[in-house]
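Dropping a prediction and its sequence here:
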Amino acid sequence: MEIKELELHANRIRKNILTEVHSANSGHPGGSLSGADILTEIYFEQMDINKDNVDSIDRDRFVLSKGHASPLLYGTLKEKGLLEDDLTTFRKINSNLQGHPNMNEVAGVDMSTGSLGQGISCAVGMAIVNKLVDKNNHRIYCLLGDGECEEGQVWEACMAAAHYKLDNLCAVLDYNHLQIDGNIDDVISPEPFASKFESFGWNVLNVNGHDFYELRNAFEQAKQVKDKPTMIIAHTIKGKGVSFMENNYAWHGTAPNDEQYETAMKELGGLE
Amino acid sequence: MAKEATRNAYGKALAELVIERDDVLVLDADLTKSTKTIDAKKARPEHHFNMGIAEGNMMAVAAGMAASNKVVYASSFAMFAAGRAFEQIRNSICYPNLNVKVCATHAGITVGEDGASHQCIEDIALMRSIPNMKVFVPCDQYQAKAIVKAVADIDGPCYVRLGRGAVEDVYDENYKFELGKGKVLREGQKIALIATGMMVQEALKAADILAKEDISVTVVDMPCIKPIDEELIEKIAKSHELIITCEEHNVYGGLGSAVSEVTSKKSPVRMEMMGMQDTFGESGTPNELLAKYGLNADHIVEKVKECL
């Protein structure tokens, strides 16, 4: 796919994210916007997911371990043409679009997540089945938050993934440096990431998480690595694409008001 | 009378299951020899995965496997399965209603010498409070085997509470498990003992002692804590003056609570709850502990006489 085309998908996903959190008047825009290019690359270039196989597990799968970035996942599925639900029902009563994703309510949501640290373990379970039991060639993708890595379970999962040599597992760290209470280095530092993941037995790649060339190359490299899971450390900007949200942790879990929404949509509209 | 630990029966049943069914996978957290999943590992090593001493991860890995159309048996001690990994069981297994069977061994105070840190007396309460979860407490090897096999066919998460120590047989190889059903083992008057797990044997022994003194009590085995046999409980409540529940668990949130939830709605009746009286256990032999904490046949006899 042309880079320009990927950029347009990502831009529309960002608009979807803003529409979701604005209509819900709650939700997590910052960490959804930071991961928009990563999910665009996964859903539009890497995963073999489409309308015909979305209900099946006989395909690549994705686990949103940082489940609070649900607007990103719903926004991506919408842009991919897999989601019928109206995005403005996000977080509203009787909606399928729960605050954190529910796999039984939305086709294409491959795991229910939201409690941090658990999604990566679920992805490990899927990867063990694919590689060691069903012995198929499907890949498992997973998006982790940087603050999420403060959960000990992430490291338990990493230990298990390396032990079982899960080269069919490719996780991406959305390294935007900010969590609810501030900069991750101020809250409690989970760094250094690269040497930690390496020492846990992972193949580690560093990329600019907003550069499609780098993202694409990293995913392709991961496929060539044998007997090791891959962690792509994607250096990102929280709130990416909306000037007043960028690098501001206040936008972790705050929805824009009407005026802010208009301004943000205008900024993104300019790219089309 | 033959004696066998319910965990041993679990190991044997699981070893058969992994051969019978290609979709059954087994996870353990470095306790394969204690939980007896080692039997399944020997039977089909490629379907057994040791996740190390990381129970929270193990439960979420089990969820990921179940989301891949597998039926996953995940085992550890009750304390670390239901206790430590509670939230993983709640959010990654029960919320998405996935096919994970948490089979937890070494439940209750009969763990013995390891002491209170390893004597889980809260697991029934924890597990039955989660939507979608079903909870089973077998009393002997035959019931344990039947339940371990039956849960493979139940759609959704299940918790099976198993014991460390050898317990006498209540049933035989002809035992048939019925989901959501209790079983009347003795018919008596006025007082009914409703027991679960190894306390069924104690209740039966108590009934035998009382029978010699011409006191006849009803004894009910309640292996399904959730869903519980509401029909039978209502019938017992209507035909008796007192129900005494017997469980190797804290009196808060376990069998006693589950039974009283039914009686208070359908047929209020006086109840006594025998179990751990909101206290931790300690090191000792299982028999010493059951005696000290009021959970053996002698204490049930005493309680019945006190209530007559």
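It's in.

What distance do you get for B:Glu230 to chain A?
Distance of B:Glu230 to chain A, given as C-beta to the nearest C-beta, to the nearest Å: 27 Å. For the C-beta atoms, the positions are set from N, CA and C on the backbone; glycine is no exception.

hang on, isn't that residue packed against B:Lys266?
Yes: if you go by C-beta atoms under 8 Å, B:Glu230 and B:Lys266 touch, sitting 6.8 Å apart.

Residue 62: what's it in contact with?
Going with chain A. Applying C-beta atoms under 8 Å, 6 or more residues apart in numbering or on different chains, we find A:Phe62 in contact with A:42-43, A:47, A:49, A:110, A:140-143.

wait, chain B
Going by C-beta under 8 Å, 6+ apart, B:Ala62 touches A:125, B:27, B:72, B:74, B:93, B:98, B:100.

sec struct for it, please.
Under DSSP: H, G, I helix; E, B strand; the rest coil, the three-state class of B:Ala62 is helix.

for A:Val63, same thing?
At A:Val63 the chain is in strand, as set by three-state DSSP.

What parts of the stretch 1-150 of chain A come near chain B?
For the stretch 1-150 of chain A, the contact set with chain B under C-beta under 8 Å from any C-beta of the partner chain comprises A:57, A:63, A:102-104, A:110-112, A:114-115, A:117-119, A:121-130, A:132-134.

the domain parsing of chain B - what is it?
Chain B breaks down into these domains under automatic domain parsing: B:3-168, B:183-307.

Tell me which of those domains is the most buried.
domain B:3-168 (a mean of 23; mean count of other C-beta atoms under 10 Å in any protein chain shown).

Next one: the closest residue to chain B within chain A relative to A:Gly119, how far apart?
Proximity of chain A to chain B (C-beta to the nearest C-beta) peaks at A:Gly125, 2.4 Å away. Distance of A:Gly125 to A:Gly119, computed by C-beta to C-beta, to the nearest Å: 11 Å.

Could I get the contacting residues of the closest residue to B:Ile89 other than its chain neighbours?
Leaving aside its chain neighbours, B:Ile89 sits nearest to B:Met59 (5.3 Å; criterion: C-beta to C-beta, 6 or more residues apart in numbering or on different chains). Each residue near B:Met59 by C-beta under 8 Å, 6+ apart is listed here: A:121, B:74, B:81, B:85, B:88-89, B:92-93, B:100, B:102.

Look up the pLDDT of the residue most central in space within chain A for me, please.
By C-alpha atoms, centre = their mean, chain A has its centre lying nearest to A:Leu143, at 4.0 Å. pLDDT, A:Leu143: 98.

Which of the contacts of B:Ala62 fall within helices?
A:Gly125 (DSSP state H).

who's in contact with residue 71?
By default, I'm working from chain A. When contacts are counted by C-beta under 8 Å, 6+ apart, A:Pro71 is found next to A:16-17, A:20-21, A:27-29, A:32, A:90.

Sorry, I should have been clearer: chain B.
Residues in contact with B:Val71 (C-beta under 8 Å, 6+ apart) are B:21, B:23-25, B:99, B:101, B:152.

for the record, mean pLDDT for stretch A:222-236?
The pLDDT scores in stretch A:222-236 average 98.

Straight-line length of that stretch, end to end?
19 Å (C-alpha to C-alpha, to the nearest Å).

Now that stretch: buried residues?
A:222, A:228-236 (16 or more other C-beta atoms under 10 Å in any protein chain shown).

biggest separation within those residues, which pair?
Spatially, the most separated pair among the buried residues of stretch A:222-236 is A:Lys228 and A:Thr236, at 23.5 Å (C-beta to C-beta).

B:Arg164 reaches B:His118, doesn't it?
No: counting by C-beta under 8 Å, B:Arg164 stays clear of B:His118, with 9.4 Å between them.

Can you work out which residues contact both of the two?
Here B:Arg164 and B:His118 have B:106, B:111 as joint contacts, going by C-beta under 8 Å, 6+ apart.

who touches the residue nearest to A:Ala194 when sequence neighbours are not counted in this structure?
Once flanking residues are discounted, A:Ala194 sits nearest to A:Val204: 5.0 Å by C-beta to C-beta, 6+ apart. A:Val204 makes contact with A:194, A:197-198, A:230-231, A:233 under the criterion C-beta under 8 Å, 6+ apart.

for A:Gly31, same thing?
Contacts of A:Gly31 by C-beta under 8 Å, 6+ apart are A:66, A:68-69, A:72, A:145, A:174, A:176, A:238, A:252.

among the residues you listed, which are in helices?
Among the contacts of A:Gly31, the ones falling in helices (DSSP H) are A:Leu72.

so A:Tyr213, which of the three states?
Once three-state DSSP is applied, A:Tyr213 turns out helix.

Test for you: state the pLDDT assigned to it.
98.

Do I have it right that it meets A:Ile3?
Yes: taking C-beta under 8 Å as the definition, A:Tyr213 is a contact partner of A:Ile3 at 7.0 Å.

mind listing the helices in the chain by residue range?
I'll assume chain A. Secondary structure of chain A (DSSP H): helices at A:3-24, A:30-33, A:36-41, A:70-79, A:118-128, A:152-163, A:184-187, A:193-199, A:212-224, A:258-269.

try again with chain B
Using DSSP H, the helices of chain B run over B:6-20, B:32-35, B:38-43, B:55-66, B:78, B:86-88, B:123-128, B:141-150, B:199-212, B:230-239, B:255-266, B:286-292, B:297-307.

possible to save those as CSV with mean pLDDT and distance to A:Ser189?
Formatted as CSV, those follow (pLDDT from 0 to 100; distance: least, C-beta to C-beta, whole Å):
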stretch, mean pLDDT, distance to A:Ser189
helix B:6-20, 98, 43
helix B:32-35, 98, 37
helix B:38-43, 98, 40
helix B:55-66, 98, 22
helix B:78, 98, 36
helix B:86-88, 98, 24
helix B:123-128, 98, 33
helix B:141-150, 98, 45
helix B:199-212, 98, 50
helix B:230-239, 98, 53
helix B:255-266, 98, 44
helix B:286-292, 98, 46
helix B:297-307, 97, 55
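
Show me where chain A dips below the pLDDT cut-off.
Residue ranges of chain A with pLDDT under 70: A:270-272.

Tell me who's in contact with residue 17.
Using chain A here. If you count contacts by C-beta under 8 Å, 6+ apart, then A:Ile17 has A:29, A:32-33, A:36, A:71-72, A:75 around it.

please go with chain B instead
Contacts for B:Leu17 (C-beta under 8 Å, 6+ apart) come out as B:24, B:40, B:73, B:148-149, B:152.
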